[in-house]
Structures are given as structure tokens and as C-alpha cells.
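Asker: only geometry, no sequence info:
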């Protein structure tokens, strides 16, 4: 796999952190489960946005106003749609479009989107992804699985904090490290646990 296609270009990079913060804050405001948040992060940052260039070059976006031009407000809308799609996959009672629109009205300041716009944006996002929305290959799924396995077999697992694991995952997204490791989410999850294990050993060794 060519890793370059997963990396954000220099032109795209200034928008990455604001969009990341927007998506994470939106997930927090909507009170979604961690699996929904990380599935949305994967859909948006690892798959949807890197695919926009290919999609527009093929001429598929010329008929849709949401992608011509691609504004920050439109990308914020697609970030919310990523959360919505992820909620439909992982929640027994998915988020309603009403709750997403209500949040969008408060947080997307440059443009007002209607309920119909949200529905249309979902279709566009799915088209960009070629309707491939499976999220089983998600680092968070592996992180959760490995975390509980580690707690069962290693004494050090007793001091590991799952919230700290989540904080490290957020940090990796902020530093754009997940794009490089996306093709190996299990390795990414294992790396988070190894880092915290080493940190835990250091704390235990130097505790008074």
C-alpha cells in the first residue's frame, strides 16, 4: 500500500487540527460511545477526506454543491455525517438527524444547513467512500480487545487505565500518526498499550 495517499498534503494540513477538534468535541457533545467516535475519525480522516481528491478529479463532484467548492463549513458538516454513519453502525439506537442538525446549528457558524442538506451529505459521503463503510478494521476495536486480554494475563494490566489509552489515541490523531499506521490498526492498538505499560513500569520503579 502506498502510504502517501493516506497523508494529508501541506495544503490540507492547516484544516486538519481544527476539523479534528470539531469532530472530537461534537462526539463529546452528542455523548456517543468511544467506538462511535473512533469509527467516525477513521471514516472521515483516514478514508473520506483523502479520497476527495480522487473523487473530484473523476468529475463525480461537479454536480454536487457540497463539494464545489470544498469549504471548512462543508467539511464540518461531513464530520457530523461521519459520526451519524458510525452511530448507525454501532448503536442500537442511532443518533437522529434532528440531534445532529441541532448541534450543527450551534457549532457550524459560517453556513446554515437544513435537514435535507444533512441527508444529501450522507449520500455524498457514501459515494466518496464507494459505499464501503465497514469499520471492523478499527484500531479502537483492537485496543479494547487487547486491553482486556492484557488485564487478564499480566499483573501490570491492573494499573493500566483505559481512559489513558483513549487519550493516547486522541493524541495520535492530533499528530497525524494514525494515517501512517492505518493499514495495521492492530499494531497501532498494541503500540498504545506498550507505551502505557512502559510508562507504568517507570512510575512503579520510581514511586517512593
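Answerer: Nice, thanks for sending it over. Please read these numbers as outputs of a predicted model, since none were measured by experiment. Residues are numbered from 1 along each chain as shown.
Asker: what comes into contact with stretch 81-88?
Answerer: Identification of contacts with stretch 81-88 by Cβ atoms under 8 Å, 6 or more residues apart in numbering yields 23, 26-27, 30, 32, 35-37, 39-41, 43-44, 48, 94-95, 97, 100, 118, 121-122, 125-126, 133, 135. Placement of C-beta: from N, CA and C, glycine included.
Asker: Quick one: buried ones out of those?
Answerer: Buried subset of the contacts of stretch 81-88 (neighbour count, 16 or more other Cβ atoms under 10 Å): 23, 26-27, 30, 32, 35-37, 39-41, 43-44, 48, 94-95, 97, 100, 118, 121-122, 125, 133, 135.
Asker: Now do the helices for this structure: every range, in order, please.
Answerer: Applying DSSP state H to the chain gives helices spanning 13-29, 34-41, 49-57, 72-90, 97-107, 115-128, 139-153, 162-174, 178-181, 185-206.
Asker: Residue 19 is in contact with residue 77, isn't it?
Answerer: No: checked against Cβ atoms under 8 Å, the pair residue 19 and residue 77 is beyond contact range at 11.0 Å.
Asker: Tell me which of these two has more neighbours.
Answerer: residue 77 (24 against 18; other Cβ atoms under 10 Å).
Asker: check contacts around that one.
Answerer: Neighbour list for residue 77: 66, 104, 108, 113, 117-118, 121 [criterion: Cβ under 8 Å, 6+ apart].
Asker: Scan the residues you listed and report the most crowded one.
Answerer: Counting neighbours by other Cβ under 10 Å, residue 104 comes out on top of the contacts of residue 77 with 24 neighbours.
Asker: just checking, that residue touches residue 113?
Answerer: Yes: applying Cβ under 8 Å as the test, residue 104 and residue 113 come out as touching, 5.7 Å apart.
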